[in-house]
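# what's the 3D shape of this:
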Amino acid sequence: MRRKIFLSLDPPKVLVYGFGAIILLGTVLLSLPVSTVDAKGLSFLDALFTATSATCVTGLVVVDTGDTFTRFGEMVILSMIQVGGLGFMSFATLLAFILGKRISFKERLIIQESLNNSTVEGIVRLVKRIFLFTAVVEITGGIILSLRFSQEMAAGKAIYFGFFHAVSNFNNAGFDLMGSFKGLTEYAEDPIVNITMMSLISLGGIGFIVMNELFDYRNTRRISLHSKIVLTISAFLVFGGALLIFILEFNNPNTLKPMTMTGKIFGALYQAVTPRTAGSNTLNIRDLQQSTLFLIIFLMFIGASPGSTGGGIKTTTFAVLIGTVKSQIRGREDVTFFGRRMDPGIISKSLTVTLISLFLVVLITMVLTITEQGKDFLMIFFEAVSAFSTVGLSMGLTPELSSYGKILITITMFAGRVGPLTLAFAVAKKRKEDHYRYPAGKVMIG
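Numbering: from 1, shown residues only. Okay, here's the model as predicted:
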């Protein structure tokens with residue numbers, strides 16, 4: 001029966017139901033008294049919010065992770081971060097490998113959808129590589145952070161903190177154990193923590209497809225158009241964003257001004273990297289200038305790259321939109337990158353994803369202004385974009401949300417993780433191929 005139900009579902013529906021099932025399981029586990037320091041446990045709504053944030057690798061929290069949860073609760077959160085970041089179908093594939101089972105074509109299609117890959121060819125090999133890359137990066141990051149934390153805490157705690165934050169940041173989740181909602185602000189000028197965390201975030205955000213091509217480059221001497229665009233746009237957003245943040249915050253007495261020049265550079269760079277849907281922060285977000293906050297909103301909306309652990313409309317979508325505008329201004333019919341022409345279907349999909357995302361963010365912001373009356377508009381807008389792009393950065397609104405606000409942000413995080421287009425396909429009626437075309441019409445634009 002379960003097999004028949006599985007085969008009858010489209011890949012988008014399987015992804016939506018799968019993430020939903022993981023969130024419900026996590027909600028039940030986090031609701032148990034054993035999961036929290038307070039024996040009363042979390043309320044169902046707070047447990048649901050936390051489970052959704054962890055599974056959707058967002059990082060927004062209504063209660064501080066380090067102060068609220070026991071080791072059991074923290075491990076539940078960490079497990080959901082890992083499954084949510086890599087995708088439950090990747091773990092299902094790993095289990096099939098272990099049990100010696102064959103991966104069906106339907107399962108390959110679902111994996112393709114979850115990884116946002118363009119083809120099912122080589123998809124199983126890619127999943128194997130994903131676990132290899134994840135293990136190497138998280139273990140390396142965990143060891144480095146453990147050695148650094150061991151300078152100020154017991155060895156066992158340092159190892160635990162090191163690997164928790166390595167997994168959290170590689171999966172672009174942003175959960176931390178530092179307590180009191182302070183994030184990584186105590187390490188704002190620490191070179192080891194900054195470089196390690198930014199490396200983890202960046203590797204998790206460029207996408208496994210790009211990582212796989214870079215790994216094979218020494219043999220193939222070839223980088224695909226997709227990877228070239230991802231690497232170019234990512235570098236532009238990070239270094240361009242860092243330069244602007246450095247300029248805007250240079251004389252801000254609450255952020256960069258008191259720091260050394262090295263601290264200023266790390267502070268600006270980290271705050272440019274983390275909007276790529278990571279969510280951890282070394283500067284107090286609330287203390288940033290309004291111009292900086294608006295820049296971060298822009299970076300959060302773009303987000304990470306396809307096939308990664310991050311959210312947002314994605315770097316490639318942003319690149320296609322910019323390329324389309326550039327071509328229109330120059331009067332050219334084709335949109336080109338690195339000597340390759342973009343397929344019209346890709347341009348249409350990019351416009352669709354962006355418009356649906358904009359509509360959802362505007363709708364969420366509007367409803368939040370009703371449910372969270374009295375709160376600053378920029379704070380609400382910032383929270384809505386952060387939730388939709390599964391970033392996790394906050395100006396402090398999340399712990400103060402009303403029950404309606406928590407429900408709305410929970411739904412927003414879920415929609416952002418599965419993707420607006422995937423969610424739309426999942427809830428829409430079965431798509432049918434058109435067997436006719438209407439006559440062409442003309443309208444005036446601009």
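# drop to CA atoms for contacts and neighbour counts, all remaining ones
Fine.
# Chain neighbours aside, what residue packs nearest to Tyr404?
Thr371 (6.4 Å; C-alpha to C-alpha, 6 or more residues apart in numbering).
# Could you report the neighbour count for the one you found?
17 (other C-alpha atoms under 10 Å).
# in the host helix or strand of Gly66, what's buried?
Per DSSP states H and E: Gly66 is located in helix 65-68. Neighbour-count burial for helix 65-68, counted by 16 or more other C-alpha atoms under 10 Å, picks out Thr65, Gly66, Thr68.
# helix/strand/coil for Gly392?
Per DSSP: H, G, I helix; E, B strand; the rest coil, the secondary structure class of Gly392 is coil.
# So for it, what's the pLDDT?
Predicted confidence (pLDDT) for Gly392: 88.
# Could you check how many residues crowd around it?
Counted with other C-alpha under 10 Å, residues neighbouring Gly392 total 30.
# One more: the one 4 residues further on?
Counted with other C-alpha under 10 Å, residues neighbouring Gly396 total 18.
# Repeat that for Ile201.
Count around Ile201 with other C-alpha under 10 Å applied: 32.
# in what helix or strand does it lie?
Assigned by DSSP H and E, Ile201 belongs to helix 191-206.
# and if you look at Leu355?
helix 344-371.
# which other helices and strands contact that helix?
With contacts taken as 3 or more C-alpha pairs under 8 Å, 6 or more residues apart in numbering; DSSP states H and E, helix 344-371 sits against helix 315-329, helix 377-388, helix 403-418, helix 420-427.
# so Leu24 touches Leu48, yeah?
Yes: using C-alpha atoms under 8 Å, Leu24 is in contact with Leu48, at 7.3 Å.
# higher neighbour count, the two?
Neighbours per residue, other C-alpha under 10 Å: of Leu24 and Leu48, the larger number sits with Leu48, 23 against 15.
# And the helix or strand where the more buried one lies, what's buried?
Here Leu48 is covered by helix 44-55, with elements defined by DSSP H and E. Residues Leu45, Asp46, Ala47, Leu48, Phe49, Thr50, Ala51, Thr52, Ser53, Ala54, Thr55 are the ones in helix 44-55 that count as buried (16+ other C-alpha under 10 Å).
# Quick one: residues contacting the third one.
It stands for Ala47. Counting by C-alpha atoms under 8 Å, 6 or more residues apart in numbering, Ala47 touches Gly26, Thr27, Val28, Leu30, Ser31.
# Most neighbours among those residues, please name it.
Scoring the contacts of Ala47 on neighbours with other C-alpha under 10 Å, the highest-scoring entry is Leu30 at 27 neighbours.
# Return the distance of the closest residue to Thr410 other than its chain neighbours relative to Gly162.
Spatial nearest neighbour of Thr410, chain neighbours left out: Phe49 (5.6 Å); criterion: C-alpha to C-alpha, 6+ apart. Going from Phe49 to Gly162 by C-alpha to C-alpha, to the nearest Å gives 25 Å.
# which residues sit against stretch 35-44?
Contacts for stretch 35-44 (C-alpha under 8 Å, 6+ apart): 27, 29-34, 67-74.
# Give me the distance from it to the chain's centre.
Centroid displacement of stretch 35-44 relative to its chain, using C-alpha atoms, centre = their mean, to the nearest Å, is 27 Å.
# Show me what counts as buried in it.
Ser35, Thr36, Val37, Gly41, Leu42.
# got the end-to-end distance for that stretch?
13 Å.
# Let me see the ranges of the strands in the chain.
For the chain, the strands defined by DSSP state E cover 336-337, 340-341.
# Under the pLDDT cut-off, which ranges of the protein? List them.
Residue ranges of the chain with pLDDT under 70: 1-12, 88-122, 420-436, 444-446.
# In contact with the residue nearest the centre of it, which residues?
Central residue of the chain (C-alpha atoms, centre = their mean): Gly310, 2.4 Å from the mean position. By C-alpha under 8 Å, 6+ apart, the contact set of Gly310 is 57, 85, 171-172, 204-205, 276-278, 303-304, 389-391, 417.
# related to what we said a few turns ago, surely the residue nearest to Thr410 meets Leu408?
No: with contact defined as C-alpha under 8 Å, Phe49 does not reach Leu408; the gap is 9.8 Å.
# what about Asp67, distance to Gly73?
Asp67 is 11 Å from Gly73, where distance means C-alpha to C-alpha.
# Revised request: answer the last question for Ile195.
Taking C-alpha to C-alpha, one finds Ile195 at 28 Å from Gly73.
# Looking at the two, which one has more neighbours?
Counted by other C-alpha under 10 Å, Ile195 and Gly73 do not tie: Gly73 has more neighbours, with 23 against 14.
# distance of the residue lying closest to that one once chain neighbours are set aside from Thr52?
Once flanking residues are discounted, Gly73 sits nearest to Ser35: 4.0 Å by C-alpha to C-alpha, 6+ apart. Plainly put, Ser35 is 16 Å away from Thr52 if you go by C-alpha to C-alpha.
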